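A.B. asks: The sequence and its predicted three-dimensional model are supplied below.
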Amino acid sequence: MRSRDISPHDFQRRARTLRWLLTDVDGVLTDGRMLYGTDGEAFKIFHVRDGLALKMARQDGIHVGLLSARSHPAVTVRAEELGVDRVMLGEKDKLARLKTFLEEEDVRLEQIAYIGDDLPDLAVLGAVGLAFCPADAALEVRHLCHITLNLRGGHGAVREAVETLLKARGSWERLVGQFVGS
């Protein structure tokens with residue numbers, strides 16, 4: 001993981017004040033490839049570890065939302081499975097949607113982390129308190145983000161981001177403890 005223009009102390013401070021984690025879908029929760037069946041049906045593949053991480057973020061009091069330019073029924077199903085707090089799909093102007101979201105949720109930009117991977121994410125990544133991207137994000141995105149993750153989109157990048165946030169918040173060990181047993 002590489003960080004740009006943010007000290008460990010500042011990262012920890014921002015992580016502790018987070019109220020929302022928003023993420024793009026294609027290229028972040030999926031690997032960005034598009035698979036079509038013979039009938040034209042599109043398929044999406046999600047990594048199970050990313051899903052668990054989003055649930056863990058919610059357990060630590062971080063609300064989770066999806067903000068994507070594309071809309072797909074599989075994304076809606078996955079969001080319901082995970083208990084995602086906000087699903088904002090089909091949003092061509094992500095920054096405008098983010099501004100509306102701020103008013104709707106009574107939240108400030110610095111209280112939001114966003115994970116994005118491509119050019120349509122640049123404006124949101126540049127606005128939020130913490131900006132993450134997968135290792136295979138577009139070069140312009142990697143240059144803008146606070147944290148470039150080691151993992152690629154659809155291969156556990158969201159898990160890596162959430163784990164990094166929860167460790168900075170001092171919550172990771174406690175949350176992992178629920179899986180250790182008694």
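C.D. replies: Yep, it's here.
A.B. asks: use CA for all of it now, contacts and neighbours both
C.D. replies: Fine.
A.B. asks: so where's this protein shaky on pLDDT?
C.D. replies: Flagging of the chain using pLDDT under 70 yields the residue ranges 1-3, 182.
A.B. asks: try 50 this time
C.D. replies: Within the chain, no range satisfies pLDDT under 50.
A.B. asks: where along this protein do the strands fall?
C.D. replies: 2-3, 20-23, 35-36, 42-43, 63-67, 86-88, 112-115, 130-133, 147-148 (DSSP state E).
A.B. asks: Same list (these) but as CSV, adding mean neighbour count and distance to residue 122.
C.D. replies: Formatted as CSV, the strands of the chain follow (neighbours: other CA atoms under 10 Å; distance: least, CA to CA, whole Å):
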stretch, mean neighbour count, distance to residue 122
strand 2-3, 14, 17
strand 20-23, 24, 13
strand 35-36, 11, 25
strand 42-43, 14, 26
strand 63-67, 22, 13
strand 86-88, 18, 17
strand 112-115, 27, 10
strand 130-133, 28, 10
strand 147-148, 25, 14
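A.B. asks: Now for the residue most central in space within the chain: which residues touch it?
C.D. replies: Compute the mean C-alpha point of the chain, and by CA atoms, centre = their mean the closest residue is residue 23, 3.1 Å away. Residue 23 is in contact with 29, 65-68, 114-116, counting by CA atoms under 8 Å, 6 or more residues apart in numbering.
A.B. asks: Contacts for stretch 138-149, please.
C.D. replies: 1-6, 116-119, 121-122, 125-126, 130-135, 157, 160-161.
A.B. asks: From the residues you listed, which land in helices?
C.D. replies: 122, 125-126, 157, 160-161 (DSSP state H).
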